[in-house]
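Chemist: Structure of the sequence below:
(chains A and B)
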Number of protein chains: 2
Amino acid sequence: MTDCILCNETGGELLWQNATCRVVQVNDPHYPGFCRVIWKRHVAEMSDLSTAEQVHLMSVVFGVEHCLRDLLNPTKVNLASFGNVVPHLHWHVIPRFSDDRHFPDAYWATPLRADAPAVSCPADLLATRLLVALQGCSSFVSPT
Amino acid sequence: MTDCILCNETGGELLWQNATCRVVQVNDPHYPGFCRVIWKRHVAEMSDLSTAEQVHLMSVVFGVEHCLRDLLNPTKVNLASFGNVVPHLHWHVIPRFSDDRHFPDAYWATPLRADAPAVSCPADLLATRLLVALQGCSSFVSPT
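Modeler: Alright, predicted model coming up:
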């Protein structure tokens, strides 16, 4: 897919990767710790993956969630896979806080607090924590 | 959790269930086939489940996705677990169409086509198809 942005670009600051997927930090200063987990091969839907691939990808997504909870203690974690604009399989993992721009509405809704302050979460700290949290995921290779 | 709506109510028209989770049809006439997969026990996050429970719940979510793709041939399927308002673990499985109210934006964004027509997907048809699609999921019992 030569015109797919997630086939051609990293899609954010690279935090972790293995043979099948990568975790990037999303550049949104109002959402510290917002990560995307991107499947490297160009497929659109979870049900396009084999069962082993589904289980593996979700173990990375839930590993990222667990890591972000430990690090940031968010009010809630939001998980989503849409791909309406870029139909290349990727998951949003968004730590949510009761005073963030949209809470309790979805990240994609109209902001309720447009003046919420920016909060940083250094990429190198995230990368270090993910290296430990995703240790069990590093060696997976798709059987297909 | 006596005040949790998903502990006290079905949360939609019941289509399928086993010991751990249920699938309901969401009452939104603009989104035919919109289902929710609701974990029965009151937990907030996927990382509150054991690995076996995570794998099982997602096999139901992806089974619903697969079934809806077969039945409705949507442009895309959207998957999301938020729980900001009701922090009781549940997944939205939303067949999306290029002419639906929000496409390509998220279901939770401001509608782009407020006049999109209602489209029905009969609950009994969905229930019949899910019974077959989720056959392998019916006997799961949480080890915890």
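Chemist: How many residues are close by residue A:140?
Modeler: The local packing count at residue A:140 equals 18, with neighbours defined by other Cβ atoms under 10 Å in any protein chain shown. The C-beta positions use only the backbone N, C-alpha and C, and glycine is treated the same way.
Chemist: from memory it sits against residue A:54, does it?
Modeler: No: with contacts counted by Cβ atoms under 8 Å, residue A:140 stays clear of residue A:54, the gap being 11.9 Å.
Chemist: who are the neighbours in contact with the residue sitting nearest the centre point of chain A?
Modeler: Per Cα atoms, centre = their mean, the C-alpha nearest to the average position across chain A is that of residue A:36, at 2.2 Å. Residue A:36 makes contact with A:11-12, A:23-24, A:26, A:90-93 under the criterion Cβ atoms under 8 Å, 6 or more residues apart in numbering or on different chains.
Chemist: Scan these and report the most crowded one.
Modeler: The member of those surrounded by the most neighbours (other Cβ under 10 Å) is residue A:23, with 28 neighbours in all.
Chemist: now the residue nearest to residue A:30 when sequence neighbours are not counted: how far from chain B?
Modeler: In space, residue A:30 comes closest to residue A:101 once its chain neighbours are excluded; the distance is 5.1 Å by Cβ to Cβ, 6 or more residues apart in numbering or on different chains. Computed with Cβ to the nearest Cβ, to the nearest Å, the distance linking residue A:101 and chain B is 12 Å.
Chemist: tell me which element residue A:101 falls in.
Modeler: Here residue A:101, judged by DSSP states H and E, is contained in no helix and no strand.
Chemist: Surely it and residue A:114 touch.
Modeler: Yes: counting by Cβ under 8 Å, residue A:101 does reach residue A:114; the two are 6.6 Å apart.
Chemist: three-state assignment of residue A:113?
Modeler: Under the three-state scheme (DSSP: H, G, I helix; E, B strand; the rest coil), residue A:113 adopts coil.
Chemist: Then residue A:84?
Modeler: Secondary structure for residue A:84, judged by three-state DSSP, is coil.
Chemist: And the pLDDT for it?
Modeler: In this model, residue A:84 is scored at 98, pLDDT.
Chemist: wouldn't it be in contact with residue B:76 here?
Modeler: Yes: in this structure, residue A:84 is within contact of residue B:76 by Cβ under 8 Å, at 5.3 Å.
Chemist: Report pLDDT for residue A:144.
Modeler: Per-residue confidence for residue A:144 comes out at a pLDDT of 66.
Chemist: If you could redo that for residue A:133, that was the one I meant.
Modeler: 96.
Chemist: what's the longest helix in chain A?
Modeler: Ranked by residue count, the top helix of chain A under DSSP state H comes out as helix A:51-72.
Chemist: Report all helices and strands that that helix contacts.
Modeler: For helix A:51-72, the helices and strands in contact under the criterion 3 or more Cβ pairs under 8 Å, 6 or more residues apart in numbering or on different chains; DSSP states H and E are strand A:21-25, strand A:35-39, strand A:76-81, strand A:90-96, helix A:123-133, helix B:51-72.
Chemist: can you put these in JSON lines and add distance to residue B:106?
Modeler: Converted to JSON lines, the helices and strands packed on helix A:51-72 look like this (distance: least, Cβ to Cβ, whole Å):
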{"stretch": "strand A:21-25", "distance to residue B:106": "20"}
{"stretch": "strand A:35-39", "distance to residue B:106": "15"}
{"stretch": "strand A:76-81", "distance to residue B:106": "8"}
{"stretch": "strand A:90-96", "distance to residue B:106": "10"}
{"stretch": "helix A:123-133", "distance to residue B:106": "25"}
{"stretch": "helix B:51-72", "distance to residue B:106": "17"}
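Chemist: out of these, nearest to residue B:132?
Modeler: Proximity to residue B:132, assessed across those by Cβ to Cβ, is greatest for helix B:51-72 (8.0 Å).
Chemist: For the closest one, which outside residues touch it?
Modeler: Helix B:51-72 is contacted from outside by A:45-47, A:51, A:54-55, A:58-59, A:62, B:20-21, B:23, B:32-33, B:35, B:37, B:39, B:46, B:49, B:74, B:77, B:79, B:89, B:91, B:93, B:95, B:121, B:125-126, B:129-130, B:132-134, B:136-137, B:140, B:142-144, using Cβ under 8 Å, 6+ apart.
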